[in-house]
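Have a look at this prediction, sequence included:
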Amino acid sequence: MTEERYFPVWDRVPDDEFVAAWREHTMATGYPELFDRVSTGRPQNLADVRLLSTEIKVPTLKRDGQDWVPCPLCRPSSPKFQTGRLALFPHEKTVQFIGHNCAAKHIGEDYRVAEQRFRRERRARNYQKVWRDLQARVPALTELLQRLSPMVQAIDASKLALAKEADGFPTFLQSELAHTGGKVSTLVDTGLMDNRGRRIAERAALGTVVGLRFLDKARLTPKLREAQRILGEIQADLPVWSAASDTDALEDLLRIGHRGTSVVNMIRDLLDAVSNSRMFLHENNLALMERWAAADDSPFDHLSFRRKASWILLDSVSYAGRHRASFRISDAMFAELPFSGSALAKIDLNSIE
(Lines give C-alpha, C1' and ligand atoms only; values in the text may rest on other atoms or scores of the structure.)
Protein backbone atom coordinates (compact mmCIF):
# COMPACT_ATOMS: atom_id res chain seq x y z
CA MET A 1 0.00 0.00 0.00
CA THR A 2 1.16 3.51 -0.85
CA GLU A 3 0.48 6.17 1.75
CA GLU A 4 -1.75 8.91 0.34
CA ARG A 5 -0.55 12.51 0.39
CA TYR A 6 -2.96 15.44 0.59
CA PHE A 7 -1.96 19.08 0.04
CA PRO A 8 -5.04 21.31 -0.49
CA VAL A 9 -2.84 24.40 -0.72
CA TRP A 10 -3.19 25.56 -4.33
CA ASP A 11 -5.28 28.73 -4.42
CA ARG A 12 -3.88 29.58 -7.85
CA VAL A 13 -2.28 27.90 -10.85
CA PRO A 14 1.33 26.83 -10.10
CA ASP A 15 3.94 28.88 -11.93
CA ASP A 16 6.19 27.57 -14.70
CA GLU A 17 9.13 27.26 -12.30
CA PHE A 18 7.21 24.78 -10.15
CA VAL A 19 6.27 22.65 -13.16
CA ALA A 20 9.84 22.72 -14.50
CA ALA A 21 11.22 21.65 -11.11
CA TRP A 22 8.62 18.86 -10.86
CA ARG A 23 9.57 17.61 -14.34
CA GLU A 24 13.28 17.58 -13.42
CA HIS A 25 12.51 15.69 -10.21
CA THR A 26 10.40 13.14 -12.12
CA MET A 27 13.09 12.43 -14.68
CA ALA A 28 15.76 12.15 -12.00
CA THR A 29 13.89 9.97 -9.50
CA GLY A 30 11.00 8.24 -11.28
CA TYR A 31 8.61 9.45 -8.55
CA PRO A 32 6.43 12.28 -9.89
CA GLU A 33 3.90 11.78 -7.11
CA LEU A 34 6.42 12.47 -4.35
CA PHE A 35 7.37 15.99 -5.38
CA ASP A 36 6.70 18.94 -3.10
CA ARG A 37 2.95 19.56 -2.53
CA VAL A 38 1.77 16.93 -5.03
CA SER A 39 -1.25 15.02 -3.68
CA THR A 40 -2.03 11.37 -4.33
CA GLY A 41 -5.49 10.93 -2.72
CA ARG A 42 -8.58 10.55 -4.90
CA PRO A 43 -10.05 13.97 -5.83
CA GLN A 44 -13.81 14.25 -5.38
CA ASN A 45 -14.52 17.31 -7.52
CA LEU A 46 -13.05 16.92 -11.02
CA ALA A 47 -14.65 20.01 -12.54
CA ASP A 48 -12.58 22.73 -14.22
CA VAL A 49 -9.38 20.70 -14.14
CA ARG A 50 -6.29 22.56 -15.41
CA LEU A 51 -3.53 20.61 -17.15
CA LEU A 52 -0.02 21.75 -16.23
CA SER A 53 2.23 19.52 -18.35
CA THR A 54 2.38 17.56 -21.55
CA GLU A 55 2.22 13.77 -21.35
CA ILE A 56 5.24 12.57 -19.35
CA LYS A 57 6.58 9.03 -19.58
CA VAL A 58 7.92 8.20 -16.15
CA PRO A 59 11.32 6.42 -16.02
CA THR A 60 9.89 3.51 -14.03
CA LEU A 61 13.26 1.71 -14.03
CA LYS A 62 14.26 4.17 -11.30
CA ARG A 63 11.33 3.18 -9.05
CA ASP A 64 11.57 0.47 -6.41
CA GLY A 65 10.58 -2.79 -8.05
CA GLN A 66 10.20 -0.88 -11.31
CA ASP A 67 6.50 -0.45 -10.51
CA TRP A 68 4.25 1.88 -12.43
CA VAL A 69 2.69 4.97 -10.83
CA PRO A 70 -0.56 4.83 -8.83
CA CYS A 71 -3.38 6.83 -10.42
CA PRO A 72 -5.27 9.04 -7.94
CA LEU A 73 -8.37 8.96 -10.14
CA CYS A 74 -8.96 5.21 -10.06
CA ARG A 75 -6.21 3.37 -8.15
CA PRO A 76 -4.53 5.66 -5.59
CA SER A 77 -2.77 2.89 -3.69
CA SER A 78 -1.42 0.52 -6.36
CA PRO A 79 0.50 0.66 -9.67
CA LYS A 80 -1.61 1.77 -12.62
CA PHE A 81 0.14 3.83 -15.33
CA GLN A 82 3.45 4.92 -16.82
CA THR A 83 2.44 7.98 -18.86
CA GLY A 84 0.53 10.85 -17.32
CA ARG A 85 0.16 14.59 -16.79
CA LEU A 86 0.41 17.01 -13.93
CA ALA A 87 -2.95 18.64 -13.24
CA LEU A 88 -4.56 21.17 -10.90
CA PHE A 89 -7.99 20.44 -9.43
CA PRO A 90 -9.03 23.99 -8.48
CA HIS A 91 -12.05 23.06 -6.34
CA GLU A 92 -9.91 20.63 -4.35
CA LYS A 93 -6.93 23.01 -4.37
CA THR A 94 -4.67 20.06 -5.14
CA VAL A 95 -2.02 19.28 -7.75
CA GLN A 96 -1.80 15.65 -8.84
CA PHE A 97 -0.10 13.42 -11.40
CA ILE A 98 -2.85 11.58 -13.28
CA GLY A 99 -2.84 8.85 -15.90
CA HIS A 100 -3.74 10.41 -19.25
CA ASN A 101 -6.02 7.54 -20.31
CA CYS A 102 -7.76 7.46 -16.93
CA ALA A 103 -8.22 11.22 -17.03
CA ALA A 104 -9.87 11.16 -20.46
CA LYS A 105 -12.21 8.41 -19.25
CA HIS A 106 -13.12 9.67 -15.77
CA ILE A 107 -13.07 13.45 -16.26
CA GLY A 108 -14.69 13.44 -19.70
CA GLU A 109 -15.64 16.74 -21.32
CA ASP A 110 -13.82 18.86 -18.75
CA TYR A 111 -10.62 17.02 -19.66
CA ARG A 112 -11.09 17.78 -23.36
CA VAL A 113 -11.69 21.44 -22.51
CA ALA A 114 -8.58 21.43 -20.34
CA GLU A 115 -6.54 19.90 -23.16
CA GLN A 116 -7.64 22.65 -25.56
CA ARG A 117 -6.77 25.31 -23.00
CA PHE A 118 -3.39 23.72 -22.29
CA ARG A 119 -2.47 23.77 -25.98
CA ARG A 120 -3.36 27.45 -26.19
CA GLU A 121 -1.38 28.24 -23.06
CA ARG A 122 1.62 26.33 -24.41
CA ARG A 123 1.47 28.41 -27.60
CA ALA A 124 1.35 31.55 -25.47
CA ARG A 125 4.44 30.50 -23.53
CA ASN A 126 6.32 29.81 -26.75
CA TYR A 127 5.39 33.21 -28.14
CA GLN A 128 6.80 34.72 -24.95
CA LYS A 129 10.04 32.75 -25.40
CA VAL A 130 10.69 33.85 -28.99
CA TRP A 131 9.42 37.42 -28.83
CA ARG A 132 12.67 39.07 -27.70
CA ASP A 133 14.57 37.21 -30.39
CA LEU A 134 12.02 38.35 -32.95
CA GLN A 135 12.22 41.97 -31.78
CA ALA A 136 16.01 41.88 -32.13
CA ARG A 137 15.62 40.97 -35.81
CA VAL A 138 13.24 43.80 -36.68
CA PRO A 139 15.92 46.29 -37.86
CA ALA A 140 17.58 43.75 -40.20
CA LEU A 141 14.24 42.53 -41.55
CA THR A 142 13.05 46.11 -42.07
CA GLU A 143 16.18 46.92 -44.06
CA LEU A 144 15.74 43.74 -46.08
CA LEU A 145 12.21 44.73 -47.08
CA GLN A 146 13.33 48.24 -47.99
CA ARG A 147 15.91 46.80 -50.38
CA LEU A 148 13.39 44.33 -51.75
CA SER A 149 10.72 46.97 -52.40
CA PRO A 150 11.98 48.23 -55.82
CA MET A 151 12.12 44.65 -57.15
CA VAL A 152 8.62 43.91 -55.88
CA GLN A 153 7.26 47.03 -57.53
CA ALA A 154 9.06 46.22 -60.81
CA ILE A 155 7.64 42.70 -60.87
CA ASP A 156 4.12 43.87 -60.08
CA ALA A 157 4.28 46.57 -62.75
CA SER A 158 5.33 44.00 -65.37
CA LYS A 159 2.68 41.51 -64.25
CA LEU A 160 0.04 44.21 -64.50
CA ALA A 161 1.23 45.37 -67.94
CA LEU A 162 1.21 41.83 -69.38
CA ALA A 163 -2.17 41.02 -67.91
CA LYS A 164 -3.65 44.31 -69.17
CA GLU A 165 -2.24 44.30 -72.70
CA ALA A 166 -2.47 40.54 -73.30
CA ASP A 167 -5.64 39.80 -71.35
CA GLY A 168 -5.92 36.06 -70.72
CA PHE A 169 -2.37 35.20 -71.82
CA PRO A 170 -0.89 34.70 -68.31
CA THR A 171 -3.81 32.45 -67.32
CA PHE A 172 -3.53 30.41 -70.52
CA LEU A 173 0.22 30.00 -70.18
CA GLN A 174 -0.02 29.09 -66.51
CA SER A 175 -2.58 26.38 -67.24
CA GLU A 176 -0.27 24.90 -69.89
CA LEU A 177 2.83 24.88 -67.71
CA ALA A 178 1.63 24.32 -64.14
CA HIS A 179 0.82 20.63 -64.47
CA THR A 180 4.36 19.82 -65.67
CA GLY A 181 6.14 22.18 -63.28
CA GLY A 182 7.28 24.20 -66.31
CA LYS A 183 8.87 21.26 -68.14
CA VAL A 184 8.33 21.47 -71.90
CA SER A 185 8.95 18.79 -74.50
CA THR A 186 8.15 17.74 -78.04
CA LEU A 187 7.66 14.54 -80.01
CA VAL A 188 10.66 13.52 -82.12
CA ASP A 189 10.63 10.97 -84.92
CA THR A 190 13.28 8.37 -84.09
CA GLY A 191 13.43 7.05 -87.66
CA LEU A 192 12.50 3.59 -86.36
CA MET A 193 9.47 1.42 -87.12
CA ASP A 194 7.51 -0.86 -84.80
CA ASN A 195 6.52 -4.43 -85.75
CA ARG A 196 3.43 -3.08 -87.50
CA GLY A 197 5.41 -0.72 -89.67
CA ARG A 198 4.47 2.44 -87.77
CA ARG A 199 7.00 5.15 -87.07
CA ILE A 200 8.21 5.37 -83.49
CA ALA A 201 8.21 8.81 -81.90
CA GLU A 202 9.67 9.68 -78.52
CA ARG A 203 9.12 12.71 -76.34
CA ALA A 204 12.26 14.80 -76.03
CA ALA A 205 12.73 17.36 -73.28
CA LEU A 206 13.33 20.94 -74.37
CA GLY A 207 13.93 22.35 -70.92
CA THR A 208 12.06 23.89 -67.98
CA VAL A 209 10.30 27.24 -68.10
CA VAL A 210 11.09 28.97 -64.81
CA GLY A 211 9.55 31.90 -62.98
CA LEU A 212 5.99 30.56 -63.00
CA ARG A 213 5.07 32.62 -59.95
CA PHE A 214 5.16 35.62 -62.28
CA LEU A 215 1.97 34.28 -63.83
CA ASP A 216 0.06 34.31 -60.52
CA LYS A 217 -2.65 36.95 -60.39
CA ALA A 218 -1.77 37.94 -56.82
CA ARG A 219 0.48 40.98 -56.54
CA LEU A 220 3.52 40.99 -54.28
CA THR A 221 3.32 44.61 -53.09
CA PRO A 222 0.44 44.03 -50.62
CA LYS A 223 2.42 41.16 -49.06
CA LEU A 224 5.46 43.39 -48.66
CA ARG A 225 3.40 46.18 -47.08
CA GLU A 226 1.74 43.72 -44.71
CA ALA A 227 5.12 42.37 -43.60
CA GLN A 228 6.31 45.93 -42.98
CA ARG A 229 3.23 46.65 -40.86
CA ILE A 230 3.78 43.53 -38.77
CA LEU A 231 7.43 44.43 -38.18
CA GLY A 232 6.23 47.75 -36.80
CA GLU A 233 3.86 45.95 -34.43
CA ILE A 234 6.55 43.54 -33.21
CA GLN A 235 8.48 46.42 -31.66
CA ALA A 236 5.82 46.56 -28.94
CA ASP A 237 5.94 44.02 -26.11
CA LEU A 238 3.40 41.22 -25.83
CA PRO A 239 0.48 41.64 -23.41
CA VAL A 240 1.35 40.58 -19.87
CA TRP A 241 0.03 37.07 -19.27
CA SER A 242 0.56 34.06 -17.02
CA ALA A 243 -1.40 30.83 -16.57
CA ALA A 244 -3.34 32.50 -13.74
CA SER A 245 -4.30 35.49 -15.91
CA ASP A 246 -7.73 36.17 -17.34
CA THR A 247 -8.84 34.77 -20.68
CA ASP A 248 -8.81 38.15 -22.46
CA ALA A 249 -5.06 38.54 -21.87
CA LEU A 250 -4.48 35.06 -23.32
CA GLU A 251 -6.60 35.83 -26.38
CA ASP A 252 -4.72 39.07 -27.04
CA LEU A 253 -1.34 37.38 -26.66
CA LEU A 254 -2.27 34.54 -29.02
CA ARG A 255 -3.54 36.92 -31.66
CA ILE A 256 -0.54 39.24 -31.54
CA GLY A 257 1.95 36.39 -31.13
CA HIS A 258 0.63 34.46 -34.10
CA ARG A 259 0.70 37.52 -36.31
CA GLY A 260 4.21 38.43 -35.23
CA THR A 261 5.78 35.01 -35.56
CA SER A 262 4.28 34.56 -39.03
CA VAL A 263 6.34 37.41 -40.44
CA VAL A 264 9.62 35.49 -40.86
CA ASN A 265 7.97 32.88 -43.07
CA MET A 266 6.06 35.65 -44.83
CA ILE A 267 9.29 37.43 -45.73
CA ARG A 268 10.98 34.18 -46.71
CA ASP A 269 8.09 33.42 -49.08
CA LEU A 270 8.27 36.95 -50.48
CA LEU A 271 11.97 36.49 -51.22
CA ASP A 272 11.22 33.20 -52.94
CA ALA A 273 8.45 34.83 -54.98
CA VAL A 274 10.74 37.66 -56.12
CA SER A 275 13.61 35.31 -56.92
CA ASN A 276 11.29 33.07 -58.92
CA SER A 277 9.11 35.68 -60.63
CA ARG A 278 11.88 37.82 -62.05
CA MET A 279 13.33 34.84 -63.94
CA PHE A 280 10.23 34.57 -66.11
CA LEU A 281 11.22 37.53 -68.29
CA HIS A 282 14.86 36.50 -68.55
CA GLU A 283 16.07 36.21 -72.18
CA ASN A 284 16.93 32.52 -71.81
CA ASN A 285 13.48 31.73 -70.47
CA LEU A 286 11.73 33.62 -73.27
CA ALA A 287 13.90 31.87 -75.87
CA LEU A 288 12.93 28.47 -74.43
CA MET A 289 9.24 29.32 -74.74
CA GLU A 290 9.77 30.27 -78.38
CA ARG A 291 11.49 26.92 -79.06
CA TRP A 292 8.62 25.11 -77.38
CA ALA A 293 6.08 27.09 -79.42
CA ALA A 294 7.83 26.09 -82.66
CA ALA A 295 7.18 22.38 -81.95
CA ASP A 296 4.33 20.83 -83.90
CA ASP A 297 2.58 19.58 -80.77
CA SER A 298 2.74 22.85 -78.79
CA PRO A 299 -0.43 24.86 -78.01
CA PHE A 300 0.89 27.72 -80.20
CA ASP A 301 0.53 28.48 -83.88
CA HIS A 302 3.04 31.28 -83.41
CA LEU A 303 4.95 32.85 -80.54
CA SER A 304 7.39 35.74 -80.49
CA PHE A 305 8.24 36.56 -76.91
CA ARG A 306 11.43 38.61 -76.53
CA ARG A 307 13.25 41.19 -74.47
CA LYS A 308 14.93 44.04 -76.29
CA ALA A 309 16.83 46.36 -73.98
CA SER A 310 14.22 47.39 -71.39
CA TRP A 311 11.23 46.34 -73.53
CA ILE A 312 9.23 43.12 -73.53
CA LEU A 313 7.58 42.32 -76.85
CA LEU A 314 4.92 39.61 -77.18
CA ASP A 315 3.05 38.34 -80.23
CA SER A 316 1.22 35.07 -79.63
CA VAL A 317 -1.30 33.02 -81.58
CA SER A 318 -2.65 29.91 -79.86
CA TYR A 319 -5.87 28.04 -79.27
CA ALA A 320 -6.53 30.72 -76.62
CA GLY A 321 -6.53 33.42 -79.32
CA ARG A 322 -4.27 36.28 -80.37
CA HIS A 323 -2.29 38.13 -77.71
CA ARG A 324 0.04 41.09 -78.11
CA ALA A 325 1.89 43.25 -75.64
CA SER A 326 4.76 45.69 -75.47
CA PHE A 327 5.87 47.22 -72.20
CA ARG A 328 9.00 48.41 -70.43
CA ILE A 329 10.52 46.69 -67.41
CA SER A 330 12.48 48.38 -64.67
CA ASP A 331 16.18 47.68 -64.19
CA ALA A 332 15.30 46.95 -60.56
CA MET A 333 13.77 43.64 -61.58
CA PHE A 334 17.18 42.12 -62.25
CA ALA A 335 19.15 43.90 -59.54
CA GLU A 336 21.13 41.80 -57.07
CA LEU A 337 18.84 40.09 -54.59
CA PRO A 338 19.21 41.26 -50.99
CA PHE A 339 19.69 38.54 -48.44
CA SER A 340 20.17 38.52 -44.69
CA GLY A 341 20.98 35.08 -43.41
CA SER A 342 20.94 36.08 -39.75
CA ALA A 343 17.67 37.97 -40.05
CA LEU A 344 15.94 35.04 -41.73
CA ALA A 345 17.55 32.33 -39.60
CA LYS A 346 14.92 29.86 -38.51
CA ILE A 347 13.18 30.61 -35.25
CA ASP A 348 12.13 27.39 -33.54
CA LEU A 349 8.34 27.65 -33.72
CA ASN A 350 7.68 23.91 -34.11
CA SER A 351 5.79 23.65 -30.84
CA ILE A 352 3.80 26.88 -31.15
CA GLU A 353 0.97 25.95 -33.46
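Yep, that arrived. In this text the structure is predicted, and so the values were computed from the model without any measurement.

Give me the distance from the helix or strand harbouring Q128 to the chain's centre.
Secondary structure assignment for Q128, by DSSP states H and E: helix 109-165. Helix 109-165 sits 10 Å away from the centroid of its parent chain (Cα atoms, centre = their mean, to the nearest Å).

swap in stretch 203-216?
Here the centre of stretch 203-216 is set off from its chain's centre by 27 Å, with Cα atoms, centre = their mean.

try stretch 287-307
38 Å.

got a list of contacts for it?
Stretch 287-307 is contacted from outside by 172, 176, 184, 186-187, 206-209, 281-283, 286, 312-320, 329, using Cβ atoms under 8 Å, 6 or more residues apart in numbering. Bear in mind the C-beta positions are built from the backbone N, C-alpha and C, glycine included.

helices or strands up against the helix holding Q128?
strand 50-51, helix 100-107, helix 169-178, helix 221-234, helix 247-261, helix 263-277, strand 311-318, strand 321-328 (3 or more Cβ pairs under 8 Å, 6 or more residues apart in numbering; DSSP states H and E).

winner for burial among these?
strand 50-51 (a mean of 22; mean count of other Cβ atoms under 10 Å).

check contacts around K183.
Applying Cβ under 8 Å, 6+ apart to K183 gives the contacts 205, 207-209.

Apologies, that question was intended for W241.
Shown in contact with W241 (Cβ under 8 Å, 6+ apart): 124, 128, 249-250, 252-253.

Repeat that for G191.
Residues in contact with G191 (Cβ under 8 Å, 6+ apart) are R199.

how much space is there between it and A205?
With distances taken as Cβ to Cβ, to the nearest Å, G191 is found 19 Å from A205.

What number of residues are in the vicinity of the residue nearest to M279 when sequence neighbours are not counted?
Nearest residue to M279 in three dimensions, chain neighbours excluded: G211, at 3.8 Å (Cβ to Cβ, 6 or more residues apart in numbering). G211: 17 surrounding residues under other Cβ atoms under 10 Å.

P239 now?
Residues lying near P239 (other Cβ under 10 Å) number 17.

Could you double-check that it sits in contact with R255?
No. Contact status for P239 versus R255: not in contact, 9.3 Å apart, counting by Cβ atoms under 8 Å.

where do the contact lists of the two overlap?
By Cβ under 8 Å, 6+ apart, no residue touches both P239 and R255.

quick one: what helix or strand has I98 in it?
Counting by DSSP H and E, I98 is found in strand 94-99.
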